[in-house]
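Novice: build the 3D model from these lines:
(one chain, ligands or ions: 2)
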Amino acid sequence: MNEFKNFINGQWVTTGKTFENRNPVDNSLIGLVHEAGRGEVDAAVKAAKAALTGPWASLKLEQRVDLLHGIVDGINQRFDDFLDAEIADTGKPHVLASHVDIPRGAANFKIFADLIRNVPNESFGMDTPDNGRALNYAIRAPRGVIGVVCPWNLPLLLMTWKVGPALACGNTVVVKPSEDTPATATLLGEVMNKIGMPAGVYNVVHGFGPDSAGQYLTEHPLVDGITFTGETGTGEAIMKAAAKGVRPVSFELGGKNPGIVFADADFDKAVAGIARSTFENTGQVCLGTERVYVQRPIFERFVAALKQRAESFKLGRPMDAGVNFGPLISLQHREKVLSYYNKAKAEGATIVTGGGVPAMPEPLSAGAWVQPTIWTGLPESSPVIRQEIFGPCCHIAPFDTEEEVIKLANDTPYGLAATVWTQDLSVAHRMGAALEVGLCWVNSWFLRDLRTSFGGAKQSGIGREGGVHSLEFYTELRNVCVKL
Ligand code: NAD
Ligand code: 6OD
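Specialist: Numbers count the residues shown, from 1 in each chain. Ligands and ions are numbered 1, 2, ... in the order given. Presented below is the predicted three-dimensional model:
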């Protein structure tokens, strides 16, 4: 039986309390996870605090950078272990995990290792009232102990997206992976020990949110900043916890992202792009498209083409040849997604395709499978169009004018991402400026340059990470003013 232990101060820590980790492909048991209580979380945070003044702090910048590159090598040397662990936890197709999740897990350390060596600090010379001069210069100090609370949809990718910059800036971390995906954060602990990362720099505590490790971590007074990726509602709870002690937060939250297809778009590329943004990772990508708006002259043709795409996915075991569509993360999440499938039906949507649970052979029939689903015909006020579902589904509506579609796209409390398909560059630039989102992709989706800012507008987040933007959260700026 696999056991997922807490990683505290470089040691593997079991607790008296475990919970099950199940494979969503067939609901089989993967192993038992040792849930951290207040005591273990406290030990992890104190270890991280102590590490801030230990050998980690006395490393020269180049040595810290070397350690980060060591993590990259460590992940790559155990690429298959990470791959197997991520696939078992999530059920995602091999083709996806091997091309996206694990490579990005390594790349997230490389980009910030490279960045931290090259980032300049600002300086200003100034005239002083006594006709002299003074020099101001900025020092970026580590913020301290960073609490990293993670979701389950891209477990290694999203966790390292935070841990990479946190460590590059000289912080220490306590990571709380999702209860559904404990494996790769745990494996990373093995890598840390292998490469000689000082104890206490990287810690992992397992458990749930409320009344469990997530709450204990975010409430802990020695945590100096909290970076969180997950639902907007959870962000609200964490923000309350962070208010005590006035700790800063960096939040990447939910979305209800529009995909906008103009009549002049390259039709095949637009269909392929929207199919990807709607269905990749079984629709469990925060950047994914759940509202599609298609200009009226190509509406019917587009709906038919997307339907064909949705019906061509191959569902099955992640390792089987040709499989490109996995289950949802859990039976519990499937209940949520199916509740929206039922709502759409009850509200009289036209179900273009899907709408339920696919027939899967045993033992897969016990897994968290749902059909890729497309609807048309719902009013914009429908909860199916207003609320984040986080499943492989979208509603498609026609539009006539640019002004109209901008209004429709922006009529949401969320503001994470949009994807726009057009061959008219002027339209593309106007849309980029008009859409109230943190990320606007034109004729593409989830095309990532890790130097760019990443984050959400409105209720989709607080702050930006990526490239130098990550320094805003992971460092504390200190201005030194020297009278010359
Ligand atoms: P979630 O909010 O349910 O859980 C995320 C993490 O928070 C988990 O580790 C959970 O245990 C923990 N948690 C829950 N309640 C907590 C509390 N009160 N205090 C402290 N920790 C708590 O999210 P999820 O279901 O794991 O992930 C899906 C959600 O994440 C979707 O809404 C999706 O849009 C969002 N997401 C956003 C981004 C982004 O970049 N904006 C990226 C990925 C996922
Ligand atoms: O690519 C990234 O850096 C990132 N944070 C992706 C988020 C995907 C959401 O599911």
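
Novice: could you use CA atoms for every contact and neighbour count after this?
Specialist: OK.

Novice: pLDDT score assigned to the residue nearest in space to the middle of the chain?
Specialist: Among the residues of the chain, the one closest to the centroid is Leu158, at 4.3 Å (CA atoms, centre = their mean). With respect to pLDDT, Leu158 has a value of 98.

Novice: Three-state assignment for Val292, please.
Specialist: strand (DSSP: H, G, I helix; E, B strand; the rest coil).

Novice: list the contacts of the residue nearest to the centre of the chain.
Specialist: Counting by CA atoms under 8 Å, 6 or more residues apart in numbering, Leu158 touches Gly105, Cys150, Pro151, Thr229.

Novice: let me know the pLDDT of the spatially closest residue to Ala183 that is not a sequence neighbour.
Specialist: Nearest non-adjacent residue to Ala183, counting by CA to CA, 6 or more residues apart in numbering: Ala85, 5.8 Å away. pLDDT recorded at Ala85 is 98.

Novice: what's the one helix or strand Ala85 maps to in contact with?
Specialist: Using DSSP states H and E, Ala85 falls within helix 79-90. Applying CA under 8 Å, 6+ apart, the external contacts of helix 79-90 come out as 21-24, 30, 75, 92-94, 97-98, 102, 152-153, 155-156, 180-184, 187, 318, 327-329.

Novice: returning to that earlier point: could I get the contacts of Leu158 as a markdown table with pLDDT?
Specialist: Below are the contacts of Leu158 laid out as a markdown table (pLDDT from 0 to 100):
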| residue | pLDDT |
| --- | --- |
| Gly105 | 98 |
| Cys150 | 98 |
| Pro151 | 98 |
| Thr229 | 98 |
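
Novice: take those and keep only those in strands.
Specialist: Here DSSP state E is the test, and the contacts of Leu158 give Thr229 as lying in strands.

Novice: for ligand 1, state which of the contacts of Leu158 is nearest.
Specialist: Relative to ligand 1, the closest of the contacts of Leu158 is Pro151; by CA to the nearest ligand atom it sits at 3.4 Å.

Novice: let me see the contact set for the closest one.
Specialist: Pro151 neighbours (CA under 8 Å, 6+ apart): Leu158, Pro177, Ser178, Thr229, Gly230.

Novice: next one: Leu306
Specialist: Leu306 touches Val271, Ala272, Ile274, Ala275, counting by CA under 8 Å, 6+ apart.

Novice: how about 7 Å then?
Specialist: Listed by CA atoms under 7 Å, 6 or more residues apart in numbering, the contact partners of Leu306 are Val271, Ala275.

Novice: name the SS class of it, please.
Specialist: Leu306 ends up helix, using three-state DSSP.

Novice: state the distance from it to Ala242.
Specialist: 43 Å (CA to CA, to the nearest Å).

Novice: near ligand 1, which residues of the stretch 201-350 of the chain show up?
Specialist: 208-210, 214-215, 218, 229-231, 234, 237-238, 252-255, 286 (CA under 6 Å from any ligand atom).

Novice: show the buried residues in the residues you listed.
Specialist: Buried by 16 or more other CA atoms under 10 Å: 208-209, 214-215, 218, 229-231, 238, 252-255, 286, out of those.

Novice: sorry, back to before: near ligand 2, which of the residues of the stretch 201-350 of the chain next to ligand 1 show up?
Specialist: Answer for those near ligand 2 (CA under 6 Å from any ligand atom): Cys286.

Novice: just the residues of the stretch 201-350 of the chain next to ligand 1: which are in helices?
Specialist: Using DSSP state H, the members of these that fall in helices are Gly214, Gln215, Thr218, Thr234, Ala237, Ile238.

Novice: now do the contacts for Thr184.
Specialist: Thr184 sits in contact with Phe82, Ala85, Glu86, Leu156, where contact means CA under 7 Å, 6+ apart.

Novice: ok, now how distant is the nearest residue to Phe302 once chain neighbours are set aside from Arg464?
Specialist: Closest residue in space to Phe302, ignoring its immediate chain neighbours: Val271 at 6.9 Å, by CA to CA, 6+ apart. The gap separating Val271 from Arg464 is 30 Å, by CA to CA.
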